[in-house]
Structures are given as structure tokens and as C-alpha cells.
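[1] need the 3D shape of this:
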Amino acid sequence: MRLKLDNHIKNKEYQNSKDINITKAAKRYGYSTELYSKVKTDADIIVESDYAELAEEALEKNKISESRYNEYLIEGGYGYLVFGDEDDEF
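    Numbers count the residues shown, from 1 in each chain. This next block holds a predicted model:
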């Protein structure tokens, strides 16, 4: 998605990459699929909301700027989409 948003790939390339089954591809190339499967625990909280999706749609339709998009994500509790998880290493 980031490559598309930053205009490094065209929409067709983005759509094609979305169709790739990453778990299947990882297995085919001998990689662990642990990264792609969610661990189920009692502490998991599932929040279903289309807030981030709506913000992305507004960005794609040029109704908002990328900085406004990032602000909306942060304000909506989706800061990890902007900054990554705090556990991410660079």
C-alpha cells in the first residue's frame, strides 16, 4: 500500500500484489508462516471499524492530504499504522 501511496507502483501493480496469498508464497519458498498468522489469546480484543479504510479512501480520492490522513489515523487510535508498532525494529 505504501508503494502505491507514494506513487512507486501503479494501481494495476497494487491490485496484482493484493491478490498474492502471502502465506502460500512463504510456504512455497520455505519460509516460516508464523509471521502471517495471528496468535489467538483471551487477551485479544477485536474492534471492527471502517474508520481507517474510510480515511484511506478519502486520501485516494484526493479529498484529504497525506498529512491530514496521518492525523486522522493518529486521532482515531490507529497511530501504529503511521508510526509502526512500538516493538518494530528499524
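[2] what ranges do the helices span in this structure?
    Using DSSP state H, the helices of the chain run over residues 2-5, 11-18, 22-28, 51-60, 66-75, 79-83.
[3] list the buried ones in the first one?
    Read that as helix 2-5. Using 16 or more other Cβ atoms under 10 Å as the test for burial, helix 2-5 gives K4. Using the backbone N, CA and C atoms, a C-beta is placed for each residue, glycine as well.
[4] JSON lines for the helices of the chain, including distance to L35?
    Output for the helices of the chain, formatted as JSON lines (distance: least, Cβ to Cβ, whole Å):
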{"stretch": "helix 2-5", "distance to L35": "18"}
{"stretch": "helix 11-18", "distance to L35": "17"}
{"stretch": "helix 22-28", "distance to L35": "8"}
{"stretch": "helix 51-60", "distance to L35": "21"}
{"stretch": "helix 66-75", "distance to L35": "23"}
{"stretch": "helix 79-83", "distance to L35": "16"}
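[5] dump those helices to JSON lines, plus distance to K38 and mean pLDDT.
    JSON lines is the format used below for those (distance: least, Cβ to Cβ, whole Å; pLDDT from 0 to 100):
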{"stretch": "helix 2-5", "distance to K38": "21", "mean pLDDT": "82"}
{"stretch": "helix 11-18", "distance to K38": "19", "mean pLDDT": "87"}
{"stretch": "helix 22-28", "distance to K38": "11", "mean pLDDT": "85"}
{"stretch": "helix 51-60", "distance to K38": "17", "mean pLDDT": "90"}
{"stretch": "helix 66-75", "distance to K38": "21", "mean pLDDT": "92"}
{"stretch": "helix 79-83", "distance to K38": "15", "mean pLDDT": "84"}
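[6] could you dump stretch 57-70 to PDB, C-alpha only?
    Output in PDB follows, covering the C-alpha atoms of stretch 57-70 (Å, rounded to 0.1, in the frame of the first residue of the first chain):
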ATOM      1  CA  GLU A  57     -10.500   6.100   0.600                       C
ATOM      2  CA  ALA A  58     -10.600   9.900   1.200                       C
ATOM      3  CA  LEU A  59      -6.800  10.000   0.600                       C
ATOM      4  CA  GLU A  60      -7.000   8.000  -2.600                       C
ATOM      5  CA  LYS A  61      -9.800  10.300  -3.900                       C
ATOM      6  CA  ASN A  62      -7.600  13.300  -3.100                       C
ATOM      7  CA  LYS A  63     -10.200  14.600  -0.700                       C
ATOM      8  CA  ILE A  64      -7.600  14.900   2.100                       C
ATOM      9  CA  SER A  65      -3.800  15.300   2.100                       C
ATOM     10  CA  GLU A  66      -1.500  12.600   3.300                       C
ATOM     11  CA  SER A  67      -0.700  14.700   6.400                       C
ATOM     12  CA  ARG A  68      -4.400  15.000   7.200                       C
ATOM     13  CA  TYR A  69      -4.800  11.300   6.600                       C
ATOM     14  CA  ASN A  70      -2.000  10.600   9.200                       C
END
